[in-house]
Every structure is written in structure tokens, then in C-alpha cells.
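J.: The following comprises the amino acid sequence and a computationally predicted model.
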Amino acid sequence: MKKQIGLMTVGLMLATPALAGGAGAPVRAPAAGSCKSIAQIVASDAQFSTLATAIEAAGLKNTMSGAGSYTVFAPTNAAFAKVPSDKLAGLLNDPEALRGLVLYHVVSEKATMAQIRGVQGGTTMQGGDIAVSVKNNKLMINNATVIKGDIMACNGIVHVIDTVLMPEAQAAAPAPAPAPVAAPAPAPAPVATQMVIPALPASGSTISTGTGSASATTTQQTTVSTTTNTSTATSTTTTTTTDTSAAASTSATETTIYDAVINDDRFSTFRDLLSDADMTDVLTSGEYTVFAPTNDAFDALPDGVLAAISSNPEALKQVLNYHLVAHKVTTEQINSGAPIQTVEGSELNLGTATVGTAINSSNGFIYPIDVVLLPDDFKVPDVQAIAADTSTTPPNITTYLLSQDRFSVLRGLLGTAGLANTLTSGDFTLFAPTNDAFAKLSKEDLDALSKDANKLKAVLTYHVIAGHPDAAALTAAPLKTLEGSDLTLAQTAGGLKVGDNAMVSGDVVTTGNGNVYAIDTILMPPSLK
């Protein structure tokens, strides 16, 4: 017998007035600001305006707004446009037929695309069955294609489809209104073929040892130094958490990489970006290793960078593919420092990313990381125009640094020190070492600087002063840096000298919140000399 999902029928809906959207106790709305209900998602997206009208007319708005756990296959306006106009008008004017049609798109349990792929069909809340298939790697529900999946709601999941699903009774014509129901239909008995959603693997795994019933958890920390990453949020040292097995930590499971990602709250931003890039199917088949940034990693990006990347489809896919490797990569291979080729095409540079314990899945590994990785030659959309158009005033210092390849090392270190967002607010003057300035340091010294958080922050803040004094004020008296020490500037025959031996190269750049002076040598605060 085929595996099925959603075996609850419309009879249970009729038995509960509050769920039916009519009389009865009001349905409790989701907590404000926590997430959107299915009804809110549909109502807030213009492509679902016809569906929103149908849900309202069918008296199901409260159902889709309240507590519960549903999967909704949501037809777009274009999908409804395929329905003959007279047939659609007949449905919209027949509340009971419309109610049946809407409920035929709802399953009474939460199922992701990956989970649906594992079944052959199921029973909807209308009572009719739907068929599930995969054609050309596209998930099909009856004759409808899922064009975007896994839109998470407080009370379930929404999958967008390109064709309206028609129950058998309505396939030829709208069903007539049924006779009045004398009494609520009883809930059906449990059916043995109901799909059981597989349990998730542990978010991070451990090795248990001990005697008798007692056990101890053991992990081994290994530090690996790699080449400096020139991206926004990464720099120089990788820390990986390893266990004693070559294949990472959790036991084998039938859960795919994508199943694990979407069911781990740490990766909700990463999950949404995968959906936006139409890459949800990629991680359900084939063998991959995913270096998955946590939500905190995305939050640490400078203001506007995530929005710029996510709004540009090509840039988004480039960044996401840079986090994927098309084979299994063990912790031993990561620690060995051997080159790792990404799906994006370039060599992976983990920089200062802390790599968490691997999550094992049926088709690969997931390593949680605490920074977002960007390819060395990646150009953040929208800020590159600043580099090309010198007449444009950058909105802030960080945005300007993002537009200039010569400051890529500085950008990475600012991200590591948590200072990138500091330079987006307030008025500052930054004496910005170029990549050539950092190249004057040995790799060992740069690695040591990156590993020492306090030292790194002291060095970087020694390059920043509050406000943006004019040229005369810069040399009039020593300037107090954010690090706390004084910094002396002097006008010489060779140009503006900063500190003991750094020289300003080029003209000052004015941004929306301060000035940037490029310098050819790194400044060291007195306490570190």
C-alpha cells in the first residue's frame, strides 16, 4: 500500500465550529511579531490574491490563521487563470463547493518538500486523495508543479503550485451544494499508513564513553590556520570541532541534508535563502557537504549586505554554491588543509570560521559555521556602483569598503572583530590600511593578530577617530583614537604622514558618516609596540 500523508478528513473540521471559521470560540492568533500564519502569508503576497479571496469566501480564514499544523499547496493567480472563467465563477458563488476546493489543497500535517518526495500520495482535508510524483526532478502534486516550496508559517508550511488542484467531483464541473449536515461527522479512525515524519538527527553530536550506565561526553578541538579570506565576514583561522570518527558524528539516518537544515532553527535564514534561490531540490539528492551559516552569522553581516545579495538571484546562487561541496568532506580532510573545491567553482576558504560538529544525513554532511563565506572575487551587488561612479557619496564607511577590492583584508578583519556595523553609524574618520599594507606583515604575524580578539580590536580601533576633522585639524594636535591612545599626523614633503611611518595614499573619500584615508602601513597602538 502506498505511503500517505494527511489522513484527517473534512469531517473533523465540521465537528469543531471554531476551526470551521464560523460560530464558536475565536481562534487564537499567533503571537505578534513571532511569525506569520498561513492566512497572513497568503494575504500579504500579491500572487495569491485569488486564493486569499477563495479562503475568505469559503469561511476558512480563521482555520488558516489559528493554531494547527497544515501543509497548503497554494495556487498562484496564474494557476487560477487556467481555470475556465465560468467554472471559476461558479465555484466562487458556491460556498460549499469552494470550501471543498480549498480544503483539497490542504493536508492536516506539516510536511516539507523533502518529506513529500518520500510518499506516493495522501488524503486532503477535503477527503479526496492527491498523487505525488517527481518528474524531471520537479515535485508534482497531481498535475501541478511545485514552483517554490517550504515557506514556513506559524501553523504549517506553504508550497506554491502552478495549477489549481481539482477534486474528482469538480474536475468536470463545480460540485452542487451538499444537503445540510444534520450532525458533525465523526473523526475517522487512525489509518495505519499515515506517514511518520522521520526524526531529526542531533544538531551536534557527541561521543559517549563511560562505565555502566554513566557516560561522559568528549570532543576534541583542533585549530587549523588557513589563508586569509578577503570576504566581508571572514579572515584567517579555522577552528573545527571533530570527533574520533572519519565520517563525522551522528549515526546514519534517512534524513536528507535539506531535511536537517529546515528542521534546525539555527539555519532558518539559510533555509529561506535556499528556497529563494530555488535550490531546495539540490540538497535532497546527490552527495554534498554543506558549510551552513547560522542565523547569527547572517546577522553579523554589515547592514544592507544580506538584502543586496538576496535581491540579486545570480549573486545569491553564487554565495550559496560557495557553501556547498559536491561530495562528502570529513573533518580530517578539513583539518588537513587540502584544497576543497566548491560548487561555485572556486576553492573554499574558511578563514576565521568556527566549524561546528558535523551533522550526518543520508546524502552528506552539514557543518554549522559562524560566519558567511564569500568568494574572494565576489562583488556585493548595489555597492559596486559606488566604485564605478565617483560622483556618488557612499552611505557609510562600511559600504565604501565593500566597494573597494583594495580593502578586502581590512573588511574581513573588521567582520572578525565585530566592528563592521560600528562603522555604519556615528561620525568617524578611518585610516584604512590597504591589502598591500597588510602584506607587509608576515603570515605568522597576521595569523597571530587574527587569533587574538583583544589585540585585533585594539589594532583596528587605533585606526579610527570620532568625527571627521578637516585637513588643518588633523595635524593641529594629536587625535584621540577609539582605542584610547593618541595618534599624531604630520604634513610632510611626501604627503600626509600618520603615526610613525604610515603614509596616506590618494585623496580622502567622504561618505555619509565620515572620511576614509587609505594608508600604506598598519598602525600599532603604543601598548602593542
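T.: Looks like it came in fine.
J.: I'd like to know which elements the helix or strand containing residue 315 is packed against.
T.: Following DSSP states H and E, one finds residue 315 within helix 313-322. Contacts defined by 3 or more C-beta pairs under 8 Å, 6 or more residues apart in numbering; DSSP states H and E place helix 313-322 against helix 268-276, helix 305-310. C-beta here means a position set from N, CA and C on the backbone, and glycine is covered the same way.
J.: helices or strands up against the longest one?
T.: Same thing as helix 268-276. strand 144-153, helix 257-262, strand 288-293, helix 295-299, helix 305-310, helix 313-322.
J.: re earlier: mind putting the helices and strands packed on helix 313-322 in TSV, distance to residue 128 and mean pLDDT included?
T.: Converted to TSV, the helices and strands packed on helix 313-322 look like this (distance: least, C-beta to C-beta, whole Å; pLDDT from 0 to 100):
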stretch	distance to residue 128	mean pLDDT
helix 268-276	28	85
helix 305-310	38	80
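J.: for residue 168, what are its contacts?
T.: residue 128 (C-beta atoms under 8 Å, 6 or more residues apart in numbering).
J.: swap in residue 55?
T.: Residues near residue 55 by C-beta under 8 Å, 6+ apart: 39, 42, 61, 64, 102.
J.: If we only consider the residues you listed, which is nearest to residue 319?
T.: Ranked by distance to residue 319 (C-beta to C-beta), those are led by residue 42 at 29.2 Å.
J.: quick one: which helix or strand includes residue 523?
T.: Going by DSSP H and E, residue 523 is not part of any helix or strand.
J.: is it true that it touches residue 462?
T.: Yes: counting by C-beta atoms under 8 Å, residue 523 touches residue 462, with 5.4 Å between them.
J.: before we move on, back to that, pull out the buried positions in the helix holding residue 315.
T.: Within helix 313-322, the residues that count as buried by 16 or more other C-beta atoms under 10 Å are 315, 316, 317, 318, 319, 320, 321, 322.
J.: just checking, the fourth one touches residue 373?
T.: No: using C-beta under 8 Å, residue 318 is not in contact with residue 373; the gap is 11.2 Å.
J.: re earlier: as JSON lines, the buried residues of helix 313-322 with distance to residue 51 and pLDDT would be great.
T.: JSON lines is the format used below for the buried residues of helix 313-322 (distance: C-beta to C-beta, whole Å; pLDDT from 0 to 100):
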{"residue": "315", "distance to residue 51": "31", "pLDDT": "87"}
{"residue": "316", "distance to residue 51": "26", "pLDDT": "90"}
{"residue": "317", "distance to residue 51": "28", "pLDDT": "92"}
{"residue": "318", "distance to residue 51": "33", "pLDDT": "92"}
{"residue": "319", "distance to residue 51": "32", "pLDDT": "93"}
{"residue": "320", "distance to residue 51": "29", "pLDDT": "95"}
{"residue": "321", "distance to residue 51": "33", "pLDDT": "94"}
{"residue": "322", "distance to residue 51": "36", "pLDDT": "94"}
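J.: Make JSON lines out of those residues and add distance to residue 441.
T.: What follows is the buried residues of helix 313-322, written out as JSON lines (distance: C-beta to C-beta, whole Å):
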{"residue": "315", "distance to residue 441": "31"}
{"residue": "316", "distance to residue 441": "34"}
{"residue": "317", "distance to residue 441": "35"}
{"residue": "318", "distance to residue 441": "30"}
{"residue": "319", "distance to residue 441": "28"}
{"residue": "320", "distance to residue 441": "33"}
{"residue": "321", "distance to residue 441": "32"}
{"residue": "322", "distance to residue 441": "26"}
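J.: Nearest to residue 481 among these?
T.: Nearest to residue 481 among those, counting by C-beta to C-beta, is residue 319 at 34.0 Å.
J.: Residue 256 against residue 284, yeah?
T.: Yes: Residue 256 is within contact range of residue 284, at 4.9 Å (criterion: C-beta under 8 Å).
J.: what's the burial count for the closest residue to residue 524 other than its chain neighbours?
T.: Nearest non-adjacent residue to residue 524, counting by C-beta to C-beta, 6 or more residues apart in numbering: residue 459, 6.6 Å away. By the criterion of other C-beta atoms under 10 Å, residue 459 has 20 neighbours.
J.: three-state assignment of residue 497?
T.: Put simply, residue 497 is strand when judged by DSSP: H, G, I helix; E, B strand; the rest coil.
J.: and the closest residue to residue 464 other than its chain neighbours, what does it touch?
T.: Distance criterion C-beta to C-beta, 6+ apart; nearest residue to residue 464, sequence neighbours excluded, is residue 482 at 4.6 Å. Shown in contact with residue 482 (C-beta under 8 Å, 6+ apart): 428, 461, 462, 464, 465, 466.
J.: Just the buried ones from the residues you listed, in PyMOL syntax?
T.: A single PyMOL command is used to select the members of the contacts of residue 482 judged buried by 16+ other C-beta under 10 Å:
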select buried, resi 428+461+462+464+465
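J.: Filter the contacts of residue 482 down to the ones in helices?
T.: residue 461 (DSSP state H).
J.: out of the contacts of residue 482, who's nearest residue 351?
T.: residue 461 (20.9 Å).
J.: got a list of what the closest one touches?
T.: Residues in contact with residue 461 (C-beta under 8 Å, 6+ apart) are 419, 481, 482, 483.
J.: again with residue 134
T.: 117, 140.
J.: Next one: it relative to residue 159, how far apart?
T.: Counting by C-beta to C-beta, to the nearest Å, the gap from residue 134 to residue 159 is 14 Å.
J.: for residue 264, same thing?
T.: Distance from residue 264 to residue 159, by C-beta to C-beta: 20 Å.
J.: who has more neighbours, these two?
T.: residue 159 (24 against 21).
J.: what's the helix or strand for the more buried one?
T.: Applying DSSP H and E, one finds residue 159 within strand 156-161.
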